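Engineer: give me the fold of what follows.
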Amino acid sequence: MDNFKILFIIGIVVLGIVIRIGYNNYKENERLKHDKLELTNKIEQLQQTIARNNQIIADNEQSKRQLENESISRQELINEQLKNNDCASQLVPVSVSDSLYNRAKNLRQSTDTSKSIK
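Structural biologist: Numbering: from 1, shown residues only. Predicted coordinates for the structure are as follows:
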C-alpha cells in the first residue's frame, strides 16, 4: 500500500502541474487574443487615416493642377494683351524691373511646395 500512496501522491502532484500549465496556457491565449484585437483595431484606424491622407493629397494635387492651368491661362492672356499694347515695347527702368523680378521670385519661393520644410 505504501507504493500505491506514493504513486497516488505523485499522480496528484503531476495532475496539479498539468492543470496549472493548462490554466497558464489558457490565460496566455486569452491575453494574445486581446492583444490581437487591439492591434487589428489600430491597423484599421491607420488604414482609415492613410485613406483620408491619400484623398487630401489627391485633392491638393488636383487643386495644384487647376491653379497651374489658371496661371498659364492668365499668363497667356497677359502676353496676348501686351502684344497689342504700345507701351509693352518701351524699356522699363532697371530698378523697377529688378524690384518686380525680386517680388515675383519671393512669391514663387513662398508657394513652392516641392521643397521640404526644415
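Engineer: max-length helix in the chain?
Structural biologist: Counting residues, the longest helix in the chain under DSSP state H turns out to be helix 2-83.
Engineer: off-centre distance for that helix?
Structural biologist: Centre-to-centre, helix 2-83 and its host chain are 14 Å apart (CA atoms, centre = their mean, to the nearest Å).
Engineer: summarise which helices and strands that helix is packed against.
Structural biologist: When contacts are defined as 3 or more CB pairs under 8 Å, 6 or more residues apart in numbering; DSSP states H and E, helix 2-83 packs onto no helix or strand at all. In this view, the C-beta of every residue, glycine as well, is placed from N, C-alpha and C.
Engineer: who touches the helix or strand just after it?
Structural biologist: In the C-terminal direction, the helix or strand that comes right after helix 2-83 (DSSP states H and E) is helix 94-110. For helix 94-110, the surrounding residues in contact (CB atoms under 8 Å, 6 or more residues apart in numbering) are Val92.
Engineer: now helix 94-110: buried residues?
Structural biologist: Buried residues in helix 94-110, counting neighbours by 16 or more other CB atoms under 10 Å, are absent.
Engineer: flag the shaky bits of this protein, pLDDT-wise.
Structural biologist: Low-confidence regions of the chain, defined here as pLDDT under 70, cover residues 1, 88, 111-118.
Engineer: any idea how far Asn69 is from Gln62?
Structural biologist: The span separating Asn69 from Gln62 equals 11 Å under the rule CB to CB, to the nearest Å.
Engineer: please apply the same query to Thr40.
Structural biologist: Here the criterion is CB to CB. By it, Thr40 lies 33 Å from Gln62.
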